[in-house]
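**Student:** 3D model of this:
(chains A, B, C and D)
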Number of protein chains: 4
Amino acid sequence: MPTDAETACFEAGIKFGTLYHQFAGTPVSPASSRSLETAMAEAIENQPHCEAVTVDILDDALEAELAGQSADYTELTGRFMEVEMRIAYEGVTVNTRMEMEGDYPLMKLVSVEDAPDN
Amino acid sequence: MPTDAETACFEAGIKFGTLYHQFAGTPVSPASSRSLETAMAEAIENQPHCEAVTVDILDDALEAELAGQSADYTELTGRFMEVEMRIAYEGVTVNTRMEMEGDYPLMKLVSVEDAPDN
Amino acid sequence: MPTDAETACFEAGIKFGTLYHQFAGTPVSPASSRSLETAMAEAIENQPHCEAVTVDILDDALEAELAGQSADYTELTGRFMEVEMRIAYEGVTVNTRMEMEGDYPLMKLVSVEDAPDN
Amino acid sequence: MPTDAETACFEAGIKFGTLYHQFAGTPVSPASSRSLETAMAEAIENQPHCEAVTVDILDDALEAELAGQSADYTELTGRFMEVEMRIAYEGVTVNTRMEMEGDYPLMKLVSVEDAPDN
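**Tutor:** Predicted coordinates:
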């Protein structure tokens, strides 16, 4: 049987895959990045065991991209955002984070904490 | 050569397909529907020739769905929203609308209007 | 009232927006590109008035991308594919094509042809 | 520090969230379900640590849906598929499965197995 900590980590991974692949490809510009951040966070917070989601769309990175192309918007992808999530499952709290590691948007487990009486 | 009106209608269709298939499947509940409406509208308004987008997520329809199931959120799909868009291309204005027609979310051309001096 | 040709163009646009935003972001490599091409084409051919879809995922472009990065797959986006579609609506046939125009994946109307007796 | 087993479970969750939210909403019918199954499996197998993916689109469930509606295709969602995945990370093998639990497509950890010498 998987442990509660393992299940908590599985749940955390589901949320990350959901967030990324639901919203990657969305047309985005600095003018629309605030509303997209909020919608992404609130959408994923609907999912079971998801306590808190923070999405930061990186306007500087967007602006650098737009400066080098013809259109005035681009498609959302990993290098334009940082994400943090907190998942809680049966007393285990998992903190996760997505950020660029070189050229790859790495989703990683930051910590897995069991409550004292668990 | 396609006419300007035909191209305007093609552009309008692109926006509808984009909106629907980018966001269908998003976890949604009445608590998150306002932020999702705003993000959807602002995302699509980034696209070329797209003047205005209105998305109404139908909280009553969401609540009816949630009342009959175990989870307290569902996935966004056509029967939970109504959408209106205005596209302008080379002096032609196209108004479009998506709403349920029986059991099918029908995207339709409402009007195609050429400017007087076009 | 929109003409049949205008509605045909609107329908063609819907299919393009659908294809692009349903599948953009899919993990892809030369090893999986053939099955993705087939699935994309057959999925969109399900939609009303869609007679034929051809998707070419550009393995050369994929390989060039992979050569410059650490992971051995990437996310599908416009510069890795060319798409052709034929839509038929009430006797009007619309041919459309997506290809890169500079740095932007341009979806365009190639031709709008009314049947002789229409 | 998360254990290898916890990281393996996190990776497994990412793949499930990716598969579901990348492909949910795809137009699907019994005529196109085989190519979609193959493309989904091969796409996700590109991702790191993903050893094997099996997707079964349930033609019987699709046909029951189509019998009750006007269009001859529908949108892919959880009740039309079963998915199994095997993830391997640093000697830990994770088996996962998605199937309907009542009205909800439940993604679950089936087993987490550490190699003997790990």
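**Student:** Could you find the closest non-adjacent residue to residue A:105?
**Tutor:** Once flanking residues are discounted, residue A:105 sits nearest to residue A:78: 2.5 Å by Cβ to Cβ, 6 or more residues apart in numbering or on different chains. To be clear about C-beta, it is placed using only N, CA and C from the backbone, and glycine gets the same treatment.
**Student:** remind me, longest helix of chain A?
**Tutor:** Using DSSP state H, we find that the single longest helix of chain A is helix A:4-23.
**Student:** Output that one as PDB, nothing but the C-alphas.
**Tutor:** Presented in PDB, the C-alpha positions along helix A:4-23 are these (Å, rounded to 0.1, in the frame of the first residue of the first chain):
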ATOM      1  CA  ASP A   4       0.000   8.800   2.900                       C
ATOM      2  CA  ALA A   5       3.100  10.800   2.000                       C
ATOM      3  CA  GLU A   6       3.400   9.000  -1.300                       C
ATOM      4  CA  THR A   7      -0.200   9.600  -2.100                       C
ATOM      5  CA  ALA A   8       0.200  13.300  -1.200                       C
ATOM      6  CA  CYS A   9       3.100  13.500  -3.600                       C
ATOM      7  CA  PHE A  10       1.100  11.800  -6.300                       C
ATOM      8  CA  GLU A  11      -1.700  14.300  -5.800                       C
ATOM      9  CA  ALA A  12       0.700  17.200  -6.000                       C
ATOM     10  CA  GLY A  13       2.000  15.900  -9.300                       C
ATOM     11  CA  ILE A  14      -1.500  15.600 -10.700                       C
ATOM     12  CA  LYS A  15      -2.100  19.300  -9.900                       C
ATOM     13  CA  PHE A  16       1.100  20.400 -11.600                       C
ATOM     14  CA  GLY A  17       0.500  18.400 -14.800                       C
ATOM     15  CA  THR A  18      -3.100  19.700 -14.900                       C
ATOM     16  CA  LEU A  19      -2.000  23.400 -14.400                       C
ATOM     17  CA  TYR A  20       0.700  23.200 -17.000                       C
ATOM     18  CA  HIS A  21      -1.100  21.300 -19.800                       C
ATOM     19  CA  GLN A  22      -4.500  23.000 -19.300                       C
ATOM     20  CA  PHE A  23      -3.100  26.400 -19.700                       C
END
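**Student:** and residue A:8, what does it touch?
**Tutor:** A:49, A:87-90, A:92-94, A:112 (Cβ atoms under 8 Å, 6 or more residues apart in numbering or on different chains).
**Student:** now do residue A:2
**Tutor:** Residue A:2 makes contact with A:10, D:9, D:109, D:111-112, according to Cβ under 8 Å, 6+ apart.
**Student:** In PyMOL, how would I select just the buried ones from those residues?
**Tutor:** The buried residues among these can be selected in PyMOL (16 or more other Cβ atoms under 10 Å in any protein chain shown) with this line:
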select buried, (chain A and resi 10) or (chain D and resi 9+109+112)
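**Student:** what would the contacts of residue A:2 look like in a markdown table with pLDDT and distance to residue C:35?
**Tutor:** Shown next, in a markdown table, are those (pLDDT from 0 to 100; distance: Cβ to Cβ, whole Å):
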| residue | pLDDT | distance to residue C:35 |
| --- | --- | --- |
| A:10 | 98 | 27 |
| D:9 | 98 | 28 |
| D:109 | 97 | 27 |
| D:111 | 97 | 28 |
| D:112 | 98 | 29 |
